[in-house]
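J.: Provided below are the primary sequence and the corresponding predicted coordinates.
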Amino acid sequence: MKDYSPLFHDNPNPIWVHEMDSKKILEVNKAALDLYGYSRNEFLSLSFQDLLSDDGDLGSSALFIDLGTKKTASSQKAIVFGKMGNPIQCKFSFQKVFFQDSDCIMVTATNIEDAQAMNSEEQSFSDYLRVRASQIAKLGYWKLDIATGTLLWSDEVYHIWGEEKDKFNVTFDSFYNSIHPDDRLLFDQEQGSAMEGMQELDFVHRIIRGDGKIKWVHEKGRLITNSRGKPLSFEGTAQDITAQIEEEQQLKLLESVVTHTNDAVMITDSGPLEEEGPKIVYVNRAFTQMTGYTPEEVIGRTPDMLRGPKTDRNELERFYKTLTKGEPCEVIIANYRKNGSPFWINIAASPVKDVQGRVSHYIAIQRDVSSKINAQIERDFLSKISTTFKDNEDLGSSLEQVCRLVTHHGDFTFCEVWLPSSHKNSL
């Protein structure tokens, strides 16, 4: 048979056992001895009234009669006195048990003062944690008493609304008037459904503070009812999400600019530039129009897919080394379209750093400058031909030099020059 005596002796609550007929104390645990301040022998020698009341008015006779027919008796409160005469406010519970072959009463005591102090301490700590959590999360609490119409705000709600607690009269009307006029109709619909218990309130709206500032607020709330379903109160939270809304709006604006700009935009991850290269994570519509590649064809690949024979690798290496240092860089190089045709492109790229200062992405703005570069190349080519005829008195030498320039400029295999005869009737 298992020994359950530790459950009695090690129990933190004071417990002792009385024999019902003799009212003699048969057993006591350490918590009871600590409560009263007696030794074990002293405690076992005390009477029922000695332990439960200073004047024997706890109703012991009625208690024994009641436990003669029931397993438990009603709990009772009393002020008792310890060995040193110190008053102790306790709550006593009584249960009929069979112990040492006798019908007995097991008494369990609770020190009300300790329990109240502990509950008060726990409540104070709980309130502290709630306030600190509210401050950290910038989350305010509010409660509307439906019967009285009283609206209560926590300190954080006053802070969100920009009002001083001891100067602002909080009523539902003053709250409602702070809601932006353009949001009131939808707020009425959402709150109406929540007040009828159809749904919980989960609504984002604007408020106009007393200082004229507009804030975005996320409110959540629910209806509190009694056991019969009667509405008692409406309570919830309010959180200032102005910064979040403004950031989202900025991101949408930037996204719109990037999407509709005529310049090609490419964003890559922060993969090593000196090895295979960073992976492409985003390209806009202008990039597709410029290169012929769709986003699905390039995302996950490296920008090196756009390079070719005419790409200046030395200039590209300079470009990568500058970015590796965390500095922006600009370069003009030859890229290749999906159909294989080359084009000249101006690339202005910058590293993007995260909150910890580490490079997380690279963003490159690309512009097709083929017409400008080709026009300059053509001017340089014609200038070289003109210089060739000026520097060479011999026509044959000049034509030979021109052929070299043409084959190099046009990447041709060979070049021929046909001249008309002096009579201009034959070649």
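T.: Yes, it's here. Numbering: from 1, shown residues only.
J.: who's in contact with Leu399?
T.: Val417 (C-beta atoms under 8 Å, 6 or more residues apart in numbering). Any C-beta I mention is one placed from the backbone N, CA and C, and that applies to glycine too.
J.: quick one: pLDDT of it?
T.: We note a pLDDT of 79 for Leu399 in this prediction.
J.: SS state for Ile347?
T.: In terms of secondary structure, Ile347 is strand; the call rests on DSSP: H, G, I helix; E, B strand; the rest coil.
J.: ok, which stretches of the stretch 101-250 of the chain are helices?
T.: If DSSP state H, counting those that start in this stretch is used as the criterion, the helices of the stretch 101-250 of the chain fall at 112-137, 155-161, 172-178, 184-195, 242-260.
J.: Relative to Ile363, how far out is Leu253?
T.: Distance from Leu253 to Ile363, counting by C-beta to C-beta, to the nearest Å: 16 Å.
J.: More neighbours: those two, which one.
T.: The neighbour comparison of Leu253 against Ile363 (other C-beta atoms under 10 Å) goes to Ile363, with 16 against 10.
J.: doesn't Ser350 make contact with that one?
T.: Yes - at 5.9 Å, Ile363 and Ser350 qualify as touching, with contact defined as C-beta atoms under 8 Å.
J.: which one is Trp161 nearest to, not counting chain neighbours?
T.: Arg209 (6.0 Å; C-beta to C-beta, 6 or more residues apart in numbering).
J.: Just the pLDDT at the one you found, thanks.
T.: pLDDT recorded at Arg209 is 94.
J.: ditto for Gly68
T.: What the model reports as pLDDT for Gly68 is 66.
J.: now swap in Lys372 and tell me
T.: According to the model, Lys372 scores 87 on pLDDT.
J.: next one: the one 4 residues further on
T.: Gln376 carries a pLDDT score of 82 in this model.
J.: where are the low-confidence patches of the stretch 151-300 of the chain?
T.: 273-276 (pLDDT under 70).
J.: need the strands for it, in chain order.
T.: Across the stretch 151-300 of the chain, reading from the start of the chain, the strands by DSSP state E, counting those that start in this stretch fall at 151-153, 201-208, 214-225, 231-240, 264-269, 280-283.
J.: Make TSV out of these and add mean neighbour count and distance to Leu185.
T.: TSV is the format used below for the strands of the stretch 151-300 of the chain (neighbours: other C-beta atoms under 10 Å; distance: least, C-beta to C-beta, whole Å):
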stretch	mean neighbour count	distance to Leu185
strand 151-153	17	21
strand 201-208	17	11
strand 214-225	17	16
strand 231-240	18	19
strand 264-269	19	40
strand 280-283	20	39
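J.: so can I have CSV of these showing distance to Phe389?
T.: As requested, the strands of the stretch 151-300 of the chain are arranged in CSV below (distance: least, C-beta to C-beta, whole Å):
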stretch, distance to Phe389
strand 151-153, 91
strand 201-208, 76
strand 214-225, 74
strand 231-240, 77
strand 264-269, 41
strand 280-283, 47
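J.: and Asp368, which of the ones you listed is closest to it?
T.: For Asp368, the closest of the strands of the stretch 151-300 of the chain is strand 264-269, at 7.9 Å, according to C-beta to C-beta.
J.: Return the list of helices and strands in contact with the closest one.
T.: Counting contacts by 3 or more C-beta pairs under 8 Å, 6 or more residues apart in numbering; DSSP states H and E, strand 264-269 is packed against strand 280-283, helix 285-291, strand 359-368.
J.: Identify whichever of those lies nearest to Ser5.
T.: Ranking these by proximity to Ser5 (C-beta to C-beta) places strand 359-368 first, at 64.8 Å.
J.: Now do the closest one against strand 264-269: the angle between them, please.
T.: Compare the direction of strand 359-368 with that of strand 264-269 by axes from the mean of the first three to the mean of the last three C-alpha atoms, to 10 degrees and you get 160 degrees.
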